[in-house]
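A.B. asks: have a look at this prediction, sequence included:
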Amino acid sequence: MSLPSFQAVYYKGVKFDPNHSAVAMEMIESFEVRDDDVFIAAYLKSGTTWTQQIVSLVCADGDISEVCKVPILERTPWLEASDKMGNSEPVPKLLENAPSPRLMKTHLPYYMLPQQAKDGKGKIIHCARNVKDVVVSWHNMRRMFNTIPCGTWEENFKEFITPKEAYNGFWWDVIPEYWRHKDDVNMLFIKFEDMKRDLRGHVVKIANFLGKPLSDQRIDEVVVNCTFSAMKKNPSTNMSRNPAMQRPFFSKAEGSGLEFIRKGEVGDWKNWFSQEENETLEAIHKEKMAGLNLTFQFE
């Protein structure tokens, strides 16, 4: 593979892209978790921002006017990332004195989460997405994000299906581990495709899980503001439309038509995969998911 040179971040044998901080990840295991902390966890490009927006609005009682004043990275800081908002301290350190409830996003494998969260403190919402669309979305993200190197589609695909080369852990290791904890009292496991099919039902499910039941009117307001079309128009969620974020992080995509919130479709992989690539991934998927009783909608 002839990917551009860059400085990857390695932690506990896992490769992370340069947006991650080994210092922050080192602090996470002993991070002091509060009872009302919410960890929004997802593999790369699996519905993280969507879930962040829903959780943000639920915790604000559906008040979009207040939520949209604050960029999503401030509302739900990226726990293991190098800081993106101009502060000098690692994100876990910045969160020590943050007001409750603290909402945090993470792309970490389950075993790297704070020990207290794994012991049942706080709440974890994990959103999983079918692996074929994840590959495509991750490739397109790399095409536009300044600090993430990008090879060709073929190179990025090969990297994704290679355990030691995949970013943020091998998908077929990470997702089954979260799935095995789906029945933990502080875990809610949801799927991207299910949210596409029944967004309102999932807003209700998330609100109830967080102990924040909302009126029908408020639920409707959350749903309206959590559609992909609404989030794409909203610069507080679509970071590539936020002037403060666009130039330092997304200028590579100028003129390309690519945006941070791109399509949000189920089945876009069919526009990218060759027959050989599909057969290769299908074989891996069949082997690695055997016996898990975890299935995904691919179109």
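C.D. replies: That came in fine, so what should we check first?
A.B. asks: so how far is Asp133 from Val174?
C.D. replies: Val174 is 16 Å from Asp133, where distance means C-beta to C-beta, to the nearest Å. Every residue, glycine included, has its C-beta placed from N, CA and C.
A.B. asks: residue ranges in the stretch 51-200 of the chain under the pLDDT threshold?
C.D. replies: Scanning the stretch 51-200 of the chain for pLDDT under 70 picks out the ranges 83-88.
A.B. asks: which parts of it are helices?
C.D. replies: Ranges of helices in the stretch 51-200 of the chain, per DSSP state H, counting those that start in this stretch, are 64-67, 72-75, 91-94, 115-118, 131-144, 153-160, 171-179, 192-197, 199-209.
A.B. asks: ok, which of the ones you listed comes nearest Val266?
C.D. replies: Nearest to Val266, of all those, is helix 192-197, at 5.2 Å by C-beta to C-beta.
A.B. asks: any buried residues in the closest one, and which?
C.D. replies: 192-196 (16 or more other C-beta atoms under 10 Å).
A.B. asks: same question for stretch 220-233.
C.D. replies: Buried-residue list, stretch 220-233, by 16+ other C-beta under 10 Å: 221-223, 225-226, 228, 230-232.
A.B. asks: how far is it from where the chain is centred?
C.D. replies: Computed by C-alpha atoms, centre = their mean, to the nearest Å, the separation of stretch 220-233 from the middle of its chain amounts to 18 Å.
A.B. asks: next: stretch 54-72.
C.D. replies: Centroid separation for stretch 54-72 versus its chain: 18 Å, with C-alpha atoms, centre = their mean.
A.B. asks: hey, C-alpha coordinates of that stretch in CSV?
C.D. replies: C-alpha atoms of stretch 54-72 as CSV (Å, rounded to 0.1, in the frame of the first residue of the first chain):
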residue,chain,number,x,y,z
ILE,A,54,-30.4,12.9,19.7
VAL,A,55,-28.8,12.6,23.1
SER,A,56,-28.0,16.4,23.2
LEU,A,57,-31.6,17.3,22.4
VAL,A,58,-33.1,14.7,24.8
CYS,A,59,-30.9,16.1,27.6
ALA,A,60,-32.0,19.6,26.7
ASP,A,61,-35.7,18.6,26.9
GLY,A,62,-36.0,18.9,23.1
ASP,A,63,-35.0,22.6,23.1
ILE,A,64,-33.2,23.0,19.7
SER,A,65,-32.8,26.8,20.2
GLU,A,66,-30.2,26.2,22.9
VAL,A,67,-28.6,23.1,21.5
CYS,A,68,-27.8,24.7,18.2
LYS,A,69,-25.9,27.5,19.7
VAL,A,70,-23.2,25.1,20.7
PRO,A,71,-21.0,23.1,18.2
ILE,A,72,-21.4,19.4,18.7
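A.B. asks: which residues belonging to it are considered buried?
C.D. replies: Buried-residue list, stretch 54-72, by 16+ other C-beta under 10 Å: 54-60, 62, 64, 67-68, 71-72.
A.B. asks: same check on stretch 291-299?
C.D. replies: Neighbour counts over stretch 291-299 (16+ other C-beta under 10 Å) mark 296, 298 as buried.
A.B. asks: contacting residues around it?
C.D. replies: With contact meaning C-beta atoms under 8 Å, 6 or more residues apart in numbering, stretch 291-299 is reached by 128-133, 175-176, 179, 191, 193-194, 197, 266-267, 269-270.
A.B. asks: how long is it end to end?
C.D. replies: Stretch 291-299 has an end-to-end distance of 22 Å (criterion: C-alpha to C-alpha, to the nearest Å).
A.B. asks: next: stretch 68-76.
C.D. replies: End-to-end distance (C-alpha to C-alpha), stretch 68-76: 13 Å.
A.B. asks: how about the spatially most central residue of the chain: what's its closest non-neighbour residue?
C.D. replies: Residue closest to the average C-alpha location in the chain (C-alpha atoms, centre = their mean): Thr48, at 3.0 Å. Excluding its sequence neighbours, the residue lying closest to Thr48 (C-beta to C-beta, 6 or more residues apart in numbering) is Ala42, at 4.2 Å.
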